[in-house]
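Student: need a structure here:
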Amino acid sequence: MKFNTKTIHGGQKHDAAYGSVMPPIYQTTTYAQTSPGNHKGYEYSRTHNPTRHALEKSFASLENGNYGLAFGSGLAAIDAILKLLKPGDEVISTNDLYGGTYRLFTKVYENFGIKFHFVGMLNVNNLEDYITSKTKLVWVETPTNPMMNIIDIKAVSEISKKYNLLLAVDNTFATPYLQQPLELGADIVMHSATKYLGGHSDVVMGALVVKDKDLANQLYFIQNASGAICGPQDAFLVLRGIKTLHVRMQRHCENASAIAAFLKSHPKIENVYWPGFKNHPNHNIAKSQMKDFGGMVSFTTIGNNYKEAVKIVENLKIFTLAESLGGVESLAGHPASMTHASIPKSEREKTGIVDSLIRLSVGIENKADLLADIDQAIG
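Tutor: Prediction:
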């Protein structure tokens, strides 16, 4: 089954009761049993729910995995991965990553004796300098948030396997339409399904996909024991969103390409970060492991002018100044004061998150309208 068909049919079957094409919303906490332990496959909705189960099968199908898990948020999904570890273990992470992930790593799990190394992975050979007998997990974002750095998943996988380490990849920015980390050697794929998978800015959710049965069983146990699951209504909404993922991503990519080119030629803009440029770091890796270059673009003003950046985001009319990304509508954000404010300024600036950096989540509106909006906002 090809990807565009998987978004609509992957892992799905018509409802057995009445042939419903869309999985029904099973808004129930519990299920009748004919005798103790004798039931129809569902006992309690924290453990299993038919609507969530349908979504989890869709996640697995999209990523060419065998097992999918849905959580109440992307951070809840990351939290489940970290619960595979124990005090004294070490994690090597991308140094340019979502601020919420950094906060979870440093403000929560460091308190439980887990050590994190934040490493630039444009050159994957940097990894081996940090691997010790205590290293258990490598955490990768690619493209990274918000600098759009590209990391060679296959090369990181080869190093991880050499040292028997788990490799987890946050695939939120790329989506399974553009990139499939399990096929490149990752052990776990994570998504903030709040973003492109849901696609309509109306639900908060996280996802994990794996191939290995033992690893899946460990994660299912954590999901059930910790209880950070999504509700059936949210599962239904993301299932609905996934059905248009392929057509949405095509327009996201098309619009982002035009906006990146416009910004690059603008005299008031200094740096534009978008993996489709030939001079973008690891552009050739992006070409090899991604189908297209995504809907995210970041840029800075001339002279790193914070006031100018604020003026631009406040002047936007079609782009909305808001956190999050991946919806059908275009959003603009200021990472230093919004999505990445939890990262200390000195650490942010080491990776390029300066005070004039603006991050765009380019939606699927008319391209000419979006270009005109950015043009008038910059002035």
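
Student: Please report the distance of S361 from A155.
Tutor: For S361, the distance to A155 (Cβ to Cβ, to the nearest Å) stands at 28 Å. In this view, the C-beta of every residue, glycine as well, is placed from N, C-alpha and C.

Student: One more: I302?
Tutor: For I302 relative to A155 (Cβ to Cβ), the value is 35 Å.

Student: Same question for Q223.
Tutor: 30 Å.

Student: How about I92?
Tutor: When I92 is compared with A155 (using Cβ to Cβ), they lie 14 Å apart.

Student: ditto for A261
Tutor: Distance, A261 to A155, by Cβ to Cβ: 29 Å.

Student: what are the ranges of the strands in the stretch 1-150 of the chain?
Tutor: Taking DSSP state E, counting those that start in this stretch as the test, the strands found in the stretch 1-150 of the chain are 67-71, 90-94, 115-119, 135-141.

Student: what helices or strands is the second one leaning on?
Tutor: In this case it means strand 90-94. Helices and strands touching strand 90-94, by 3 or more Cβ pairs under 8 Å, 6 or more residues apart in numbering; DSSP states H and E, are strand 115-119, strand 135-141.

Student: Which one of those lies nearest to L219?
Tutor: Closest to L219 of those is strand 135-141 (Cβ to Cβ; 13.1 Å).

Student: quick one on the thing from earlier: could you say which of the strands of the stretch 1-150 of the chain is packed most deeply?
Tutor: Of all the strands of the stretch 1-150 of the chain, strand 67-71 has the most neighbours on average by mean count of other Cβ atoms under 10 Å, namely a mean of 26.

Student: which neighbours does that one have in its sheet, and in what orientation?
Tutor: Each strand paired with strand 67-71, and its direction, by DSSP bridges: strand 206-210 (antiparallel).

Student: Quick one: residues in contact with the strand it pairs with.
Tutor: 59-60, 62-63, 65-78, 80-81, 182, 187-194, 197, 216, 219, 230 (Cβ atoms under 8 Å, 6 or more residues apart in numbering).

Student: need the longest helix for the protein.
Tutor: helix 245-264 (DSSP state H).

Student: Quick check: buried residues in it?
Tutor: Going by neighbour count (16 or more other Cβ atoms under 10 Å), the buried part of helix 245-264 is 245-246, 248-253, 255-263.

Student: Any idea how far that helix is from the middle of the chain?
Tutor: Here helix 245-264 is found 18 Å from its chain centre; the criterion is Cα atoms, centre = their mean, to the nearest Å.

Student: So which elements touch that helix?
Tutor: Other helices and strands packing on helix 245-264, by 3+ Cβ pairs under 8 Å, 6+ apart, are helix 3-9, helix 175-178, strand 269-273, strand 296-301, helix 367-378.

Student: coming back round to it: are any of the contacts of strand 206-210 buried, and which?
Tutor: The buried subset of the contacts of strand 206-210 - by 16+ other Cβ under 10 Å - is 59-60, 62-63, 65, 67-78, 80-81, 182, 187-194, 197, 216, 219, 230.
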